[in-house]
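Q: coords please:
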Amino acid sequence: MARPDQEKCRLCSKLDSQEAQQRHGPNGDGCWNPNVCHNRRSYYRHRGVRNHVRKQRRRGQQTEQALSEPNVSTSIRVATLEVLAPAVPAAVVHWYRMTKDSPLHALGAELWMGNDRVAKVEPIHCLGLTELQVKTLLVRILDVFSQHSGIKLERFRSSVELHPQNCPIRPCPLYPEVRL
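A: Down below sits the predicted model:
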């Protein structure tokens, strides 16, 4: 049985490398191990994609095994077919916050049609906004995306958690303008 995921390492993987070393290195809580932590942080950042690819490979191997029979030669080629899926609009929200429990720094959104991003709402600082105001903002974003796509969008299909250090808005409370 696999070891359970370490919540501390999962949260650390969201930080950039310098901040992670500062928090968990000798001046922090001391758990940073350069021989292990770089790989572990990469594992936690990319594990969703790796698990998806692994699952797809397993499905492909099962399909090939089902198609092959013991009396059939192994030189049979499997045809790769392309199926065009309908381009359905999907809204994705980007949350800029440390953890789900910490205050929301900013939020942004994207509208996707199939594999193409067709619209984007630049990140907006949420400092000082109440929960009701944030919900109202999300409803407005969905309304704008609905008008753009011509199809009523009632909810976000996916959400992406981003660290506030990745906030692209300038000036930003995390990056105040330097005045001399």
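
Q: now the strands for the protein?
A: For the chain, applying DSSP state E gives strands covering 89-96, 106-113, 116-125, 158-162.

Q: kindly list the longest helix within this structure.
A: helix 37-67 (DSSP state H).

Q: of all the strands of the chain, which lies closest to Val36?
A: Checking the strands of the chain against Val36 by CB to CB gives strand 158-162 as the closest, at 23.5 Å. No exception for glycine: its C-beta is placed from N, CA and C like everyone else's.

Q: now that closest one: average pLDDT?
A: Averaging pLDDT along strand 158-162 yields 91.

Q: need the strands of the chain in a markdown table with distance to Pro171, can you?
A: What follows is those, written out as a markdown table (distance: least, CB to CB, whole Å):
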| stretch | distance to Pro171 |
| --- | --- |
| strand 89-96 | 15 |
| strand 106-113 | 13 |
| strand 116-125 | 10 |
| strand 158-162 | 19 |
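
Q: right, so of those, which gets closest to Gln65?
A: Once the strands of the chain are compared by CB to CB, strand 158-162 is nearest, at 32.4 Å.

Q: pretty sure Met165 contacts Leu15?
A: No Met there; residue 165 is Gln. Yes: between Gln165 and Leu15 there is a contact under CB atoms under 8 Å: 7.2 Å.

Q: please give me every residue in contact with the spatially most central residue of the chain.
A: Nearest to the geometric centre of the chain sits Val160, at 4.0 Å (CA atoms, centre = their mean). By CB atoms under 8 Å, 6 or more residues apart in numbering, Val160 lies in contact with Val92, Val93, His94, Trp95.

Q: who's in contact with the first one?
A: Residues near Val92 by CB under 8 Å, 6+ apart: Ala109, Glu110, Leu111, Trp112, Phe156, Arg157, Ser158, Ser159, Val160.

Q: only whichever of these are buried, select them in ChimeraX.
A: Selecting only the buried entries of these in ChimeraX, with 16 or more other CB atoms under 10 Å as the criterion:
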select :109,110,111,112,156
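
Q: closest to Thr80 out of the contacts of Val92?
A: Trp112 (24.3 Å).

Q: surely the closest one and Val118 touch.
A: Yes: using CB under 8 Å, Trp112 is in contact with Val118, at 6.9 Å.

Q: shared neighbours of the two, anything?
A: Both Trp112 and Val118 are in contact with Pro89, where contact means CB under 8 Å, 6+ apart.

Q: so which elements touch the lowest-mean-pLDDT helix or strand in the chain?
A: Sorting the helices and strands of the chain by mean pLDDT, DSSP states H and E puts helix 37-67 at the bottom, at a mean of 80. When contacts are defined as 3 or more CB pairs under 8 Å, 6 or more residues apart in numbering; DSSP states H and E, helix 37-67 sits against helix 7-13, helix 17-24.
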